[in-house]
Every structure is written in structure tokens, then in C-alpha cells.
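Enquirer: okay, predicted coordinates and the sequence, questions at the end:
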Amino acid sequence: MTLNVKVFRFNPETDKVPRFDTFKIEEFPNMAVLDVVMNIQNYHDPTLAYRCSCRIGMCGSCAMYINGRPRLACRTQVSSLGTKDITIMPLPNLPIIRDLAVDMEPFFEKYKKIKPYLIPKQDLKEPVICKPDSGERELIDYMLECITCGACYGACTMVATDPHYLGPAALTRAYCLIADKRDAATRERLVIVEQSEGVWRCHTQFNCAEVCPKKIVPTQAIQQLKKRCVFKRLGLFRG
Amino acid sequence: MYTFKNRSQVWDTVGMWAWLFHRVTGLALVFYIILHIVLMGTSLLRGPETFNSVLGFLMGSTLFLILDLLLAAAVLYHGLNGIRILLFDIGIGFNRQKEIFWVLMAAGLVIYLFLLWRVLPEIF
């Protein structure tokens, strides 16, 4: 089986406008889109630029816009696309370095804004107890699966229309820390996310949840944060 | 240094279209309410004869009644999708948002067909 692959090409140093190159690639069993991209670079055009690392969906480097959606190239089987025509473009909403490689800096700048690390409570004498059956870490635990691939960031129409919006990944991380009993910087982080370009830019469109390769629903985290922001303004927020 | 971005968006998700139609119907309803209040208010101020003739003209017009059916569709959609959004505000339904949308739309269709069945004989 032959695949018709259209690949986005753009080199900011030499090109004024981007173009599409078309390649005919032989499909092999269990071929992932990343295999297609590597095949092009190995046998057709060695100048193709893209980013990848682990090939098993845990490093979050190879998110690309594949057939109308941001997806992890390594975790997207060609057979799952349901067509032999594949269009590969760089991740939307991020500046392009070259071809399929985007600059993740704006994404991580926003990620840093919410202080994405645990700031432990210093005054605790006893260890914090999180009972397994209490369900309080039910959301946190699966949201910690985030690999910061930026697929949600590329799929979010609110990120596309507002360059200052923090985006689903940063807000999900903020929720994981704000909901964490052991964290001391809860209020500090809430002040950052309660801005209009924080949680309130989310309009529950669920594009982030649709494209997340880890099946995380950032919308749920953002709604939880909205609730806490309202409680905080009303002076009812504890913790 | 690098200025070019891929501006392609995701077009095949239910939630985004649900939001877009919610916005469009919401704005349409706001404009409708302003128009409605201004029209009713000004014709009332001019006395009962004016009010009756305005209302008689509107209710006698087939075009106006068809527009009223569109209004009913907008109210129905906005209300039903509003239920879905309220569920998210309470904190439930995140993993079933698409199913909730289609169930509500099916309910809306049933209600709207019932409405048409009752109203269409009155218009034509």
C-alpha cells in the first residue's frame, strides 16, 4: 500500500512563504506517523526538520498537526487515520523553527507562570494523610500523566485567538498543585489563574480533551479552578 | 525571530460547534429581546389602537410567524445546551460531554417536531 503524504515545509531563513511537499511512501504493518516522517527523512529528503525522542508517547516531543488534529506522531497509527492521504503540519499556535519543528518557548513560558512545582508546607509536624478511598487525589493522579506535548495548546481555539491565555496544560498543572494538600503556594497560584487570561478564557469547548494523547480532560481541571476562584473572591476558600 | 505560525484549527469536534452556536443564538436572543421590548414599549406608549394594529399586523404576517419558529429553535438550542454547560459548572459530565450534547439535541428535536405539528396548521 502506498501512502500519499503531504508535508509542510518552511525555512524562515530562505523561504518567504511555506509550501507543501508530496511524498509517496510504502506502508508497512503497524506503521506510525512518526515512521512516515522518519522514512521521508531517511530515504526521500534529508533536510526535513522535525522533533522526536522516545517514540513511545512519553516524552511529548513529536506532537504535530496530522489530518486536521494535533496528535502525537509516534502514537498515531497510520491505519487509525482511515485514509491513505496524510497531511502533516507543525503544531498550531506556536512559532515555527523549521518545517515540522515548533518553538515550544511560549508554551513553557506560560507553564512557568503558574509555578509548576510543589512548594511544600514548612510548618507541618505530621505527614499529610491522603486516604486512598477519599477520592481527593482521583483527578490529580490521572492529570499528572501530562507529558507537556502541547497538543491541547495547539487545539485550543482560545489560545489561537488570545496569545496571552495560559492554555489547558498550564492550568491543568496549576490545578494539580492547588488541589494538593501538601502545597503551600495555593493562594499565590490562584491569584495567577483567576485573571481573565487564566481560567476565565476557557469556554468549555473540550478541544483539548479531544486531542490529549493521555486522555486527560483539562476542561475539568479548569472548571475546578473556576470554582475555587469564585470561592476565593467570596472569602469562602479554605486551604 | 520566527514569526510564522500554523493557524490551522480543529474543526471536527462537537464541543467547539456547540459553543459557537451557543454564542450565535445567545447574541441573536439578546438583540431579539431589545427589539421586542422597544417595539412593544413604543407602540404601547402611543395608545391601545396603535398597539393593537402593530400586533395585528405582526401576527397576521406569515413571514413573522416563520421567524417566530426560528426564534423558538434558538431558545430551545440555547436552553438545552445551557443545561449541558450548567452540568459542567456543577462539576459533572466531563467524560460524557458529547453524549450529553446529542441526548439533549435529540430531546430538542422531539420538542421542536411537536411544536411544528401544533403550530404549522395555525400558520398555513
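Expert: Yep, that arrived.
Enquirer: use CA for all of it now, contacts and neighbours both
Expert: Noted.
Enquirer: what residues of the helix ranked longest in chain B count as buried?
Expert: Secondary structure of chain B per DSSP state H: the longest helix is helix B:14-45. Within helix B:14-45, the residues that count as buried by 16 or more other CA atoms under 10 Å in any protein chain shown are B:Val14, B:Gly15, B:Met16, B:Ala18, B:Trp19, B:His22, B:Thr25, B:Gly26, B:Leu29, B:Ser43.
Enquirer: how about those residues in CSV, adding distance to chain A and pLDDT?
Expert: Putting the buried residues of helix B:14-45 into CSV (distance: CA to the nearest CA, whole Å; pLDDT from 0 to 100) gives the following:
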residue, distance to chain A, pLDDT
B:Val14, 8, 95
B:Gly15, 4, 94
B:Met16, 5, 94
B:Ala18, 8, 96
B:Trp19, 6, 96
B:His22, 11, 97
B:Thr25, 15, 97
B:Gly26, 14, 97
B:Leu29, 19, 97
B:Ser43, 39, 93
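Enquirer: what's the spacing between the most centrally placed residue in chain A and chain B?
Expert: Using CA atoms, centre = their mean, the residue of chain A that lies closest to the mean C-alpha position is A:Gly150, 2.6 Å off. Distance, A:Gly150 to chain B, by CA to the nearest CA, to the nearest Å: 14 Å.
Enquirer: contacts made by the lowest-mean-pLDDT helix or strand in chain A with the rest, please.
Expert: Ranked by mean pLDDT, DSSP states H and E, the weakest helix or strand in chain A is helix A:138-143, scoring a mean of 92. With contact meaning CA atoms under 8 Å, 6 or more residues apart in numbering or on different chains, helix A:138-143 is reached by A:Thr172, A:Arg173, A:Tyr175, A:Cys176, A:Ala179, A:Asp180, A:Ile216, A:Val217.
Enquirer: show me the strands in chain A, by range?
Expert: A:2-9, A:19-26, A:63-66, A:69-72, A:85-89, A:96-98, A:101-102 (DSSP state E).
Enquirer: sorry, back to before: what is the nearest of the buried residues of helix B:14-45 to A:Ala160?
Expert: Of all the buried residues of helix B:14-45, A:Ala160 sits closest to B:Met16, with 13.1 Å by CA to CA.
Enquirer: the closest one against A:Asn207, yeah?
Expert: Yes - using CA atoms under 8 Å, B:Met16 is in contact with A:Asn207, at 6.9 Å.
Enquirer: quick one, longest helix in chain A?
Expert: Under DSSP H, the helix in chain A containing the largest number of residues is helix A:218-233.
Enquirer: which residues are contacting it?
Expert: Outside helix A:218-233, the residues that touch it by CA under 8 Å, 6+ apart are A:168-169, A:171-172, A:175-176, A:190, A:193-194, A:199-200, A:202, A:204, A:206, A:208-209, A:237, B:88-89, B:91, B:94.
Enquirer: can you flag the buried ones in those?
Expert: A:168-169, A:171-172, A:175-176, A:190, A:193-194, A:199-200, A:202, A:204, A:206, A:208-209, B:88-89, B:94.
Enquirer: where do the helices of chain A begin and end?
Expert: In chain A, the helices defined using DSSP H lie at A:33-39, A:105-113, A:138-143, A:151-155, A:157-161, A:168-178, A:186-193, A:207-211, A:218-233.
Enquirer: and chain B, which residues reach chain A?
Expert: Residues of chain B lying near chain A by CA under 8 Å from any CA of the partner chain: B:2-11, B:13, B:15-16, B:18-19, B:85, B:88-89, B:91, B:94-95.
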